[in-house]
Structure formats: C-alpha cells, structure tokens
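Enquirer: prediction below, plus the sequence it came from.
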Amino acid sequence: MNIQQLTPNIGAEIEGIDLNGLVDHAALSQIHNALLQHHVLFFRQQFLEPKAQRNLAAQFGDLHIHPIYPPHPDAAEIMVLDSHQQDLRDNELWHTDVTFIETPPLGCVLSAQKVPDYGGDTLWVSAAAAYRDLSEPIKQLLLGLSASHDISKSFPDVRYARTEEERQKLLSAKQKNPPISHPLVRTHPVTGEKALFVNEGFTTHIDGLSRCESDALLDFLFKHSTQPKYAVRWHWRNGDVAIWDNRITQHLANFDYGDVHRVMHRATIIGDKPY
Ligand SMILES: O=C(O)CCC(=O)C(=O)O
Ligand SMILES: [Fe+2]
C-alpha cells in the first residue's frame, strides 16, 4: 500500500489496494491508522458494488440507515445521492454528517458511481487543525460550551416534503430526531485530539448564549474552520472511493455541474457519543 499525503492538514491518496472483497486485518489496520492521521483517504477507481461497499464499511463498525435519503435496492445500508432524483443543494453547505443524533457517524465510505468530466468536486476540512490554530483564550471559552444540532436545518419542508409520502417521512424523521446538544469542542475517542464540532449544516445555536452572541460566535467558527488552508479538494473519477473520519472533519459537495447527472453511494458508520 502506498500512502501519499495530499496537504499539510488533511487528506491522503492510497494506491496498491483493492477494496472489493474482504480487506484483511493487516490492511484494514493500515487504512485505519492512515484515516486517524489524515482524516480523509482517497482510493482511485475501485468500482465498488453496493454490497461490497456495505461490507467494507461494516468492517469499521455498525452502519446507519439515513432517515431521509433513499436506500439502494441491493443494500439498504447504502444511501443513494442522485442529482437527477434528489435535491442535493444542502450538501453544498459545509457540514458534518448526521450530527443530529446522539452518536453521530465515526466515518463514511463514499463511492462515485457517475461523475461529471469536470466539476462536482468534494472538499473536506480538518476541524482538528481549525481548533489547533485558535488562540488560548478562545479555546478556553469554547471548551465549556455545547451547541444544538437540528435535522430541520438541512432538511427543510420546502425541499423535502413535496409529496404526501415525503411529508410523512420528513415528519417522522423529525419526531424521531429532536434537536440534540453536543460539546462544541470534541475529543477524538481514539487519538485524543481536540476538534471543533459545529457545522453550518446542522448546528443551530450555542446553548446558554443569547441569539446575538450565538450567531456571532457560530458565524466566526463556521468561517474560521472552512478556510482553504484546512481543506483538501478531490476531483472524482468514476469508481473512486473516499473514506473520512466524520468526528474531526466537515465536507462540502460542490454543486457546479447544473443538470449533468452525478450519482454517489454512501455507507455511514455509527460512532459514539461526543465528549
Ligand atoms: O456528493 C458528495 O460528494 C458528498 C455528499 C455528502 O455530503 C455526503 O455523502 O455525505
Ligand atoms: Fe455529507
């Protein structure tokens, strides 16, 4: 396996491994270590079938089934992001996946099924690097705070309740997932690294602060943490796979490809309660 770091803060490309079929223990542990070090890993042209992608992701932990995005018919744990079937504009906000549950995903495996020749890139930032660069007084302020995360922020009725069936699904998703608080700075359960844990996609306010204070501080944190110096940008080819550590990253899917058809498959690995 050849591991090539892509930027100072985040991202590595791995060559010399086939992710189809069971990855053996030694290779899995190498991938896991690389993930802890680089936060997001890219593998060119793996062409994973849904079942193979599910089996790969399941080697990292239990899988989550998304309350809104549709499951793949061959593997319910694979969710489908199809630009001709769904409104994917909310993935163009910087976000961390599924932070609206008590145990947000530890990571995801994303597989490019059909991508534009140009455009449709995805970007990730390191929330650990963003935290590291803050001044001591701001770190101290943030360490005592928690913030509220709400599924409604990224799945508004206007876009996800267009038919009666969708309306019911959304209503049920919201009832099952009331707003939840997480620490604003979380500690990585394996490496002990600290990272900012707020994202524009789901974080609505900082607990205990006035609306004005919360908006101002969140605005600063969203801007600070998504600076290009913390980012890696991937230009997909069909069949590429990305695996990211969702505990210390945010990502954004660039929606610059208009009506061109783009299809991605995602497996989502359940994590633990942030602390
Ligand atoms: O379509 C993409 O590149 C990424 C979409 C996304 O946010 C995700 O899969 O979690
Ligand atoms: Fe996402």
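Expert: Arrived safely, thanks for sending. Residues are numbered from 1 along each chain as shown. Ligands and ions are numbered 1, 2, ... in the order given.

Enquirer: what about the residue of the stretch 101-250 of the chain found nearest ligand 1, how many neighbours?
Expert: Nearest residue of the stretch 101-250 of the chain to ligand 1 (C-beta to the nearest ligand atom) works out as T122 at 3.7 Å. For every residue, glycine as well, the C-beta is placed using N, CA and C. When neighbours are counted by other C-beta atoms under 10 Å, T122 registers 23.

Enquirer: how far does stretch 16-31 sit from the chain's center?
Expert: Relative to the centre of its chain, stretch 16-31 is centred 22 Å away, using C-alpha atoms, centre = their mean, to the nearest Å.

Enquirer: again with stretch 110-127
Expert: Stretch 110-127 has its C-alpha centroid displaced from the chain centroid by 12 Å (C-alpha atoms, centre = their mean).

Enquirer: how about that stretch, which residues are buried there?
Expert: Using 16 or more other C-beta atoms under 10 Å as the test for burial, stretch 110-127 gives 110-116, 120-127.

Enquirer: ok, now stretch 98-112?
Expert: In stretch 98-112, counting by 16+ other C-beta under 10 Å, buried: 98-101, 104-112.

Enquirer: then stretch 3-21?
Expert: I3, L6, T7, N9, I10, G11, A12, E13, I14, L19.

Enquirer: which SS state does the last one fall under?
Expert: When classified by DSSP: H, G, I helix; E, B strand; the rest coil, L19 comes out as coil.

Enquirer: need the pLDDT of it.
Expert: The model reports L19 with a pLDDT of 96.

Enquirer: enumerate every residue touching it.
Expert: Contact analysis of L19 by C-beta atoms under 8 Å, 6 or more residues apart in numbering lists F43, Q46, L48, A52, L56, V241.

Enquirer: try the first one
Expert: By C-beta under 8 Å, 6+ apart, I3 lies in contact with A12, E13, I14, A34, H38.

Enquirer: again, only using 10 Å
Expert: The contact partners of I3, taken as C-beta atoms under 10 Å, 6 or more residues apart in numbering, are 12-17, 30-31, 33-34, 37-38, 41.

Enquirer: tell me the one among those residues nearest to ligand 1.
Expert: Distances from ligand 1 to these, taken by C-beta to the nearest ligand atom, are shortest for L41, at 14.7 Å.

Enquirer: for that closest one, which non-adjacent residue is spatially closest?
Expert: I243 (4.8 Å; C-beta to C-beta, 6 or more residues apart in numbering).

Enquirer: mind giving me the packing neighbours of whichever strand or helix holds the one you found?
Expert: Using DSSP states H and E, the element containing I243 is strand 241-245. The helices and strands touching strand 241-245, judged by 3 or more C-beta pairs under 10 Å, 6 or more residues apart in numbering; DSSP states H and E, are helix 25-38, strand 40-43, helix 50-58, strand 107-114, strand 122-126, strand 249-253, strand 263-269.

Enquirer: up against ligand 1, what does this structure have?
Expert: Residues of the chain that fall close to ligand 1, judged by C-beta under 6 Å from any ligand atom: L81, N91, D97, C108, L110, T122, H251, A253, M264, R266.

Enquirer: flag the least confident of those.
Expert: N91 (83).

Enquirer: thinking again about what came up before, among the buried residues of stretch 3-21, which are in strands?
Expert: I3, A12, E13, I14 (DSSP state E).

Enquirer: quick one: the helices in the stretch 51-200 of the chain, in order.
Expert: Secondary structure of the stretch 51-200 of the chain by DSSP state H, counting those that start in this stretch: the helices cover 127-132, 136-143, 151-154, 157-160, 164-176.

Enquirer: deepest-packed of these, please.
Expert: Of all the helices of the stretch 51-200 of the chain, helix 127-132 has the most neighbours on average by mean count of other C-beta atoms under 10 Å, namely a mean of 23.

Enquirer: and the contacts of that helix?
Expert: Applying C-beta under 10 Å, 6+ apart, the external contacts of helix 127-132 come out as 7-10, 39, 96, 126, 138-139, 142-143, 184-186, 188, 191, 193-199, 221, 224-227, 229-231, 245-250.

Enquirer: which residue does the stretch 151-275 of the chain have closest to ligand 1?
Expert: A253 (3.5 Å).

Enquirer: so what's the residue count around that residue?
Expert: Using other C-beta under 10 Å, A253 is surrounded by 21 other residues.
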